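Novice: for reference, the sequence and a predicted model appear below.
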Amino acid sequence: MNSLNKIFSWLRQQRFPEEFRIQEPYWEESWLAQLETLYGDLVKASEEKPTGGVYNTEADNIDDKLYLNLGTGLFRIRKSMIDPESNKVRDGYSRAMRHLESVLDVLEEKGVKIMDHTGEEWVDGRSISAIAFQPMVGYTKEIILETIRPSIFVEKKHVQQAQVIVGTPTDKSHV
């Protein structure tokens with residue numbers, strides 16, 4: 001922190017009674033060196049193009065990657081808070097779900113769309129990757145049973161392809 005920032009920081013604290021003032025944090029030199037190294041690694045990693053894994057090749061800037069990882073993580077958190085049989089929020093999670101929904105709303109306002117394909121009809125040719133097909137008794141058409149990884153769009157640009165498990169009819173004459 002340069003000296004001008006230190007002065008402004010000190011002046012901001014003087015507005016409050018002494019018992020409410022926040023002391024300047026203490027940083028050991030070794031901590032600062034580690035933080036600088038981590039920051040350098042983060043900058044370097046953000047400049048490299050991903051070679052596979054979670055990222056799609058279209059997620060080529062740091063904002064898309066951030067939204068992609070954030071969207072996938074929030075999708076999985078939301079999925080764990082909902083009971084799959086009743087499709088309702090599990091007991092004890094309603095307050096946390098409200099907070100999660102507000103974060104998802106903020107992302108949607110920023111142009112980030114996170115799509116859960118569970119329950120949709122499987123159609124070949126969509127930009128969705130089926131990682132497994134599971135025969136299901138009583139099914140008359142192919143239905144997506146579970147979304148493992150959601151489709152994510154950032155300002156209508158597809159940055160992550162969904163991965164799903166598809167339920168197929170046991171009697172192939174219906175397909």
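Specialist: That came in fine, so what should we check first?

Novice: quick one, grab the pLDDT at the closest residue in space to M81 that isn't next to it in sequence.
Specialist: Using C-beta to C-beta, 6 or more residues apart in numbering and skipping residues adjacent in sequence, the residue nearest M81 is Y93, 4.3 Å away. Where C-beta positions appear, they are placed from N, C-alpha and C, glycine not excepted. Per-residue pLDDT puts Y93 at 85.

Novice: lowest average confidence, helix or strand, in the chain?
Specialist: Every helix and strand in the chain was compared by mean pLDDT, DSSP states H and E; the lowest is helix 29-47, with a mean of 74.

Novice: please compute how far it lies from its chain's middle.
Specialist: In terms of C-alpha atoms, centre = their mean, to the nearest Å, the gap separating the centre of helix 29-47 from the centre of its chain is 23 Å.

Novice: next one: stretch 110-122
Specialist: When C-alpha coordinates are averaged (C-alpha atoms, centre = their mean), stretch 110-122 and its chain have centres 13 Å apart.

Novice: which parts of this protein are strands?
Specialist: If DSSP state E is used as the criterion, the strands of the chain fall at 112-115, 128-136, 143-149, 151-154, 157-160, 162-169.
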